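*Asks:* based on what follows, work out the 3D shape:
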Amino acid sequence: MRPPCDEAVIRSVDVEVPCRAEARGWILAATILGSSMAFIDSTVVNVALPALQASFHATVVDVQWVVEVYGLFLGALILVGGSLGDLLGRRLIFIVGVAVFALASAGCGVASNIQQLIFARGIQGVGAALLVPGSLAIISTSFDEQSRGQAIGTWSGFTAITTAVGPVLGGWLVEHASWRWVFFINLPFAAAVIAISLWHVPESRNVSAGRIDWIGDLVVTLGLGGLVNGFIESVNLGWSHPLVFGSLIVGCTCLIVFVFVEASVTSPMVPLTLFASPSFSGANLLTLFLYAAIGIFFFLFPLNLIQVQGYSATAAGAAALPLILLIFLLSRWSGGLVTRYGPRLPLIIGPLVAALGFALFAVPSVGGSYWKTFFPAVVVLGFGMAITVAPLTTIVMTVDRDHVGAASGINNAVARVAGVLAIAVLGIVMVSAFSYRLNRQLANLSLPVNVLHDIKADEIKLAGLQLPAGIDDSTTVGIRDSIGEAFVFGFRLVILICAGLSVASAAVAWLLIPKGAFDSSPARLGC
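*Replies:* Just a heads-up that it's a prediction; the model follows:
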């Protein structure tokens, strides 16, 4: 899913270099393709995780890092990426971001081990942090007020389509070619974006842009990295390992220091004064809870479908398609709800509906038709998110007009960081629940001690666990059934926590977002 407030980011910047009418289509093509590469790689890799796990005999910690390192650098650096564009040139930083993203994609595609893949994914995240804000800023500064609404609508529609189709295409590539083509497919698109940008996109910069908050960005990156590393590696090393508790201490310390840094620098990337508004604080806390639930869901759901339910990679990529389509198709209707009832009521109801959707995902076991098991849950979750996104953008846009850009960027970053933290923290819950349930199931099979030892040694691979050789067919079936049931047990527990996070989001809206009036103008609504 795209994070909220992308359209708000576009509307927050004043037009500077109106483009010629004949250049508008080219500018939209470049920004749509550029944004779509980053959006697709945020989700399509999840569909490829079972294949690359099998290819590298990787653990769940390894595949967590494949997802996490991309999201970590994207979430931590995206605000700096926008500032660099304002200072050095938006087209320049956008092109640099696309080039870095393409080179890193090639590195991912040729990776010969999981460590190389993780490293290349981190570089991909850096490239995405440059190209994503660059693409939004280029639209902002190239279209005047009369044409901006149509440009935003076109950008939003096409990026929604590519985000929806991306996992299906990625699944097809995994199934019929190789998971490596999920990354190689970025190369021709990147070449097209760079060529179009050089020939048709005008350069622009903000001559009054302040200094870049390098210290703040370094501290917050170290803080988030420390927390993520500590939580993820605790599964492998245990909580008492120096690397684990050391990383957690460094992470917590850096995040505390970050608050003091932002309060003291002249051009903070996160102006703390914005959080004096209960509405803005509530909107970001709601975003943190809700998008944390979404983040861990999209990490575990494809693993469940492919490794446990027996879906093909293509079918797994298509499974969440109704959710994305509902959010896109109901966006205008949701904006109407904000105009009629204000943002508070939809922000209470939407997360509660999403919580029901998450709860429905906890019902299916192993087997059964998609239409009777997961489809109802996908539809309910999509409906809940469709109700939520527009009013969430509205609340963020009600801050002081001089800080709308910063507010929108912060909320965008919070949504990305939420998923990173959720995968790190709730991944521990998933591994622990899987191990607990599997050990209880295996106790009923009377397995030889050496077989039991080998299976327990590989528990960290979850449903990708490789069975020891020399086991008879009936025992193999019993172990496979136990693995499937253990994964579903852990999946249900995590999904119910996601439902709880959604309810907490509704509670935040009820407690912190006032009932008062708001500015319902199109500039505020981002529609």
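*Asks:* could you use CA atoms for every contact and neighbour count after this?
*Replies:* Noted.
*Asks:* which stretches of this structure have low pLDDT?
*Replies:* Residue ranges of the chain with pLDDT under 70: 1-22, 145, 148, 207-210, 400-403, 516-527.
*Asks:* I'd assumed V132 was in contact with A38.
*Replies:* Yes - if you go by C-alpha atoms under 8 Å, A38 and V132 touch, sitting 7.1 Å apart.
*Asks:* give me the more crowded residue out of those two.
*Replies:* Set A38 next to V132 and count neighbours by other C-alpha atoms under 10 Å: V132 wins out with 26 against 23.
*Asks:* let me see the contact set for the more buried one.
*Replies:* Contacts for V132 (C-alpha atoms under 8 Å, 6 or more residues apart in numbering) come out as G34, S35, A38, I78, F94.
*Asks:* let's see if you can find the most crowded of those residues.
*Replies:* Counting by other C-alpha under 10 Å, F94 has the largest number of neighbours within these, with 33 neighbours.
*Asks:* CSV for the contacts of V132, including distance to G368 and secondary structure?
*Replies:* Listed next are the contacts of V132 as CSV, based on distance: C-alpha to C-alpha, whole Å; DSSP: H, G, I helix; E, B strand; the rest coil:
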residue, distance to G368, secondary structure
G34, 39, helix
S35, 36, helix
A38, 34, helix
I78, 42, helix
F94, 46, helix
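*Asks:* of all the residues you listed, which comes closest to V431?
*Replies:* Nearest to V431 out of those is A38 (C-alpha to C-alpha; 28.6 Å).
*Asks:* chain neighbours aside, what residue packs nearest to the closest one?
*Replies:* Spatial nearest neighbour of A38, chain neighbours left out: A128 (5.7 Å); criterion: C-alpha to C-alpha, 6 or more residues apart in numbering.
*Asks:* can you list the buried residues in the helix or strand harbouring A486?
*Replies:* Here A486, judged by DSSP states H and E, is contained in helix 473-512. Within helix 473-512, the residues scored as buried using 16 or more other C-alpha atoms under 10 Å are 479-510, 512.
*Asks:* what do you get for stretch 420-429?
*Replies:* Of all the residues in stretch 420-429, those buried under the rule 16+ other C-alpha under 10 Å are V420, L421, A422, I423, A424, V425, L426, G427, I428, V429.
*Asks:* elements contacting the helix holding A486?
*Replies:* In terms of contacts (3 or more C-alpha pairs under 8 Å, 6 or more residues apart in numbering; DSSP states H and E), helix 473-512 is packed against helix 278-303, helix 344-361, helix 404-442.
*Asks:* what angle sits between it and helix 278-303?
*Replies:* Put simply, helix 473-512 runs at 170 degrees to helix 278-303, going by axes from the mean of the first three to the mean of the last three C-alpha atoms, to 10 degrees.
*Asks:* what's the offset of helix 473-512 from the middle of its chain?
*Replies:* The chain centroid and the centroid of helix 473-512 are separated by 19 Å, computed with C-alpha atoms, centre = their mean, to the nearest Å.
*Asks:* quick one, that helix and helix 404-442 angle?
*Replies:* Taking the same axes, to 10 degrees, one finds helix 473-512 and helix 404-442 inclined to each other by 150 degrees.
*Asks:* buried ones in whichever strand or helix holds V126, by neighbour count?
*Replies:* Using DSSP H and E, the element containing V126 is helix 114-142. For helix 114-142, burial by neighbour count (16+ other C-alpha under 10 Å) applies to 114, 117-142.
*Asks:* next: stretch 390-406.
*Replies:* Within stretch 390-406, the residues that count as buried by 16+ other C-alpha under 10 Å are 390-399, 403-406.
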